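# return atomic coordinates for the entry below.
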Amino acid sequence: MASSTGSSTTVNAIDSAPSGDTDALFSALYPDLKRLARSRLRTVGGRTMLDTTMLVHDTYARLAQSQSGHFATTSQFMAYCAHVMRSVIIDLVRANLAERRGGGEKPLQLNTEIMQAAQDVESGDSLDVLRVHDALAQLKQLDPRLEQIVEMRYFAGMTERATADALGFSERTARREWDRARALLRVLLSQ
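This is a model prediction of the structure:
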């Protein structure tokens, strides 16, 4: 049986892993998690020092620390991992911005136009990532289900069918809610 992320041929890991064994689940889905990490890192460009393997391993470390509950489907597990990967990336982008701003030290002003232009470009890219994260936080306040759908569709790369299965509603509802979430995000990002 194909994985419900819609992008791989991994056997349904939930069925093959012992109940509650996230280590076995993580191992079974490792290739899918690497693909997910690669796609997440592609969306943020070079704004972090992470590579695919580091992001997957950081996700595993956070998953192990959280001792999260049992996952009923592979889609739910992948959606949760996509959420964790997003958190890892956002934390690193914030840390990089704080470091660039001197980490509380008094800023040293350079009178070099080239340095200023490079800094503006770098900070702008990082701020875009944070703007998306903040917009998702606002979306979650408006409707937590919409934020879940965005994480599953955009961050985990799940199909409408896999999203609907993971959340327990019809594919038509998943499509309608995805359209609604995208419209709300456009409004939130334009503010």
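
# how near is the residue nearest to Thr22 when sequence neighbours are not counted to Val44?
Distances taken as C-beta to C-beta, 6 or more residues apart in numbering put Leu63 closest to Thr22, at 6.1 Å, once the chain neighbours are dropped. Backbone N, C-alpha and C define where each C-beta goes, glycine included. Noted for Leu63: a distance of 20 Å to Val44, by C-beta to C-beta, to the nearest Å.

# all helices for this structure, in order.
13-16, 22-28, 30-44, 52-66, 74-100, 113-142, 144-150, 160-167, 171-190 (DSSP state H).

# reformat those helices as CSV; add mean neighbour count and mean pLDDT.
Shown next, in CSV, are the helices of the chain (neighbours: other C-beta atoms under 10 Å; pLDDT from 0 to 100):
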stretch, mean neighbour count, mean pLDDT
helix 13-16, 16, 56
helix 22-28, 17, 81
helix 30-44, 18, 84
helix 52-66, 16, 85
helix 74-100, 20, 82
helix 113-142, 14, 63
helix 144-150, 20, 89
helix 160-167, 22, 88
helix 171-190, 15, 89
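
# residues contacting Leu184?
139, 142-143, 146 (C-beta atoms under 8 Å, 6 or more residues apart in numbering).

# check contacts around the residue nearest to Gln148 when sequence neighbours are not counted.
Sequence neighbours aside, Leu167 is the residue nearest to Gln148 in space, at 6.6 Å (criterion: C-beta to C-beta, 6+ apart). When contacts are counted by C-beta under 8 Å, 6+ apart, Leu167 touches 145, 148-149, 152, 174.

# and for Leu50?
41, 58, 88-89, 92.

# could you do Trp178 as well?
Here Trp178 is in contact with 149-150, 153, 160, 163 (C-beta under 8 Å, 6+ apart).

# need the residues you listed in CSV with distance to Thr74, can you?
Formatted as CSV, the contacts of Trp178 follow (distance: C-beta to C-beta, whole Å):
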residue, distance to Thr74
Ile149, 17
Val150, 19
Arg153, 16
Glu160, 16
Thr163, 13
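
# so which of those residues is the closest to Met49?
Sorting these by distance to Met49 puts Val150 at the head of the list, at 25.7 Å, by C-beta to C-beta.

# okay but that closest one is in contact with Arg186, surely?
No: counting by C-beta atoms under 8 Å, Val150 sits too far from Arg186 to count as a contact (11.9 Å).

# state the distance from Tyr60 to Met78.
Taken as C-beta to C-beta, the span from Tyr60 to Met78 is 14 Å.

# err, Glu177, not the other one
As judged by C-beta to C-beta, Glu177 and Met78 stand 18 Å apart.

# before we move on, what about Gln141?
24 Å.

# over to Ala64?
For Ala64, the distance to Met78 - C-beta to C-beta - is 17 Å.

# residues contacting the residue lying closest to Ala135 once chain neighbours are set aside?
Nearest non-adjacent residue to Ala135, counting by C-beta to C-beta, 6+ apart: Leu188, 4.0 Å away. Leu188 makes contact with 135, 138-139, according to C-beta under 8 Å, 6+ apart.

# alright, that wraps it up for me.
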